[in-house]
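**Student:** show me how the following folds:
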Amino acid sequence: MPVIGLLGVGSARNAERVVAPVRRGLQEVGFVEGRDFVIEQRWAEGQYQRISGFADEFVRRQVSIIVAAGGTQSALVARSKTSTIPIVFNAAADPVAAGLVSSLERPDGNLTGVSNLAGELGPKRLELLHEVLPRTGRGVALLANPSNRAVTPAAIAAIQAASKAASVDVQVIHASSEDEFEPAFAQAHSKAAGLVIVPDLVFLDNIERFGELSLRHAVPAIFQFREFAAAGGLMSYGGSFSDAMHQVGVYAGRLLRGSKPADLPVQQFTKIELVVNLKTAKSLGLTVPLSLLGRADEVIE
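**Tutor:** Coordinates of the predicted model:
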């Protein structure tokens, strides 16, 4: 029976958030887990450095497919370990710029997958947050995971460039583990008017807590995923993680049917949604401009 090796950077307790949409994608192509394939899951529990050992294990076992569910960095690690086992990724960074593939239309080698544009939307998140914040002269903080070397540096650089053009001061706050999250939000409250959260799957793994922390520390914040706004965050702007992983599952199914990675163009998500939590805005004493509410795909009241 074919074995799909799944590399996850988050925790096993939240595995279904990642695995369920992959299963749905595979089922869409006609494959049922337990009957047609099995998924071997490996979870780094927020420690990116553990992915290398898991990838080595999958290569030794000669799994049929590697699903790099830990974002761009997990895909790069898997790519460095094998040039023969097909790899399907969900990348936050531009896959060409990151060195995963040479072309989106016809990926070479053994990789294909989905680009969710998460890292490229950082400047727009800064712009949206700045529309809501009162003009107090205080800057904006960026919350970033320094362990995510494949995404964080480029995402920070893009936001900093946009901040200079808009004359907005930004400062970076680093956090990479659960015990650092609350101090990071407390620091953001004391030093900035608002917070842009840089895309990271460790952060996604703690997204409900992030929503709660942003409320408790009265931090107007924006993140990629709708779940953040639903959990109490002020805004979200980006594509759906679940939709991206569903497409990863579809591609895994097509590979099991005999397609080659080079035959499957890298999919770029074009469905980007803005969600505004008006209840949170009111609790923070913020007035959301009608022009922004009019552009929102969803308003939580």
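**Student:** what strand or helix carries Ile173?
**Tutor:** Ile173 belongs to strand 170-174 when assigned by DSSP states H and E.
**Student:** how about that strand: buried residues?
**Tutor:** Neighbour-count burial for strand 170-174 flags 170, 173 (criterion: 16 or more other Cβ atoms under 10 Å). Quick note: C-beta positions are derived from backbone N, CA and C, even for glycine.
**Student:** tell me the first helix or strand C-terminal of that strand.
**Tutor:** Sequence order places helix 178-191 as the next helix or strand after strand 170-174, per DSSP H and E.
**Student:** what helices and strands are in contact with the next helix or strand after that next one?
**Tutor:** On the C-terminal side of helix 178-191, the closest following helix or strand by DSSP H and E is strand 194-197. When contacts are defined as 3 or more Cβ pairs under 8 Å, 6 or more residues apart in numbering; DSSP states H and E, strand 194-197 sits against helix 122-132, strand 140-144, helix 178-191, strand 221-223.
**Student:** out of those, nearest to Tyr48?
**Tutor:** Ranking the helices and strands packed on strand 194-197 by proximity to Tyr48 (Cβ to Cβ) places strand 140-144 first, at 13.3 Å.
**Student:** what angle do that closest one and strand 170-174 make?
**Tutor:** Per axes from the mean of the first three to the mean of the last three Cα atoms, to 10 degrees, the angle that strand 140-144 makes with strand 170-174 is 30 degrees.
**Student:** now for strand 140-144, which elements pack on it?
**Tutor:** Using 3+ Cβ pairs under 8 Å, 6+ apart, strand 140-144 is in contact with helix 122-132, helix 152-165, strand 170-174, helix 178-191, strand 194-197.
**Student:** any idea how far the helix or strand of the chain with the lowest mean pLDDT is from the chain center?
**Tutor:** Here the helix or strand of the chain ranked lowest by mean pLDDT, DSSP states H and E is strand 267-268, holding a mean of 90. Centroid separation between strand 267-268 and its chain, computed with Cα atoms, centre = their mean, to the nearest Å, is 14 Å.
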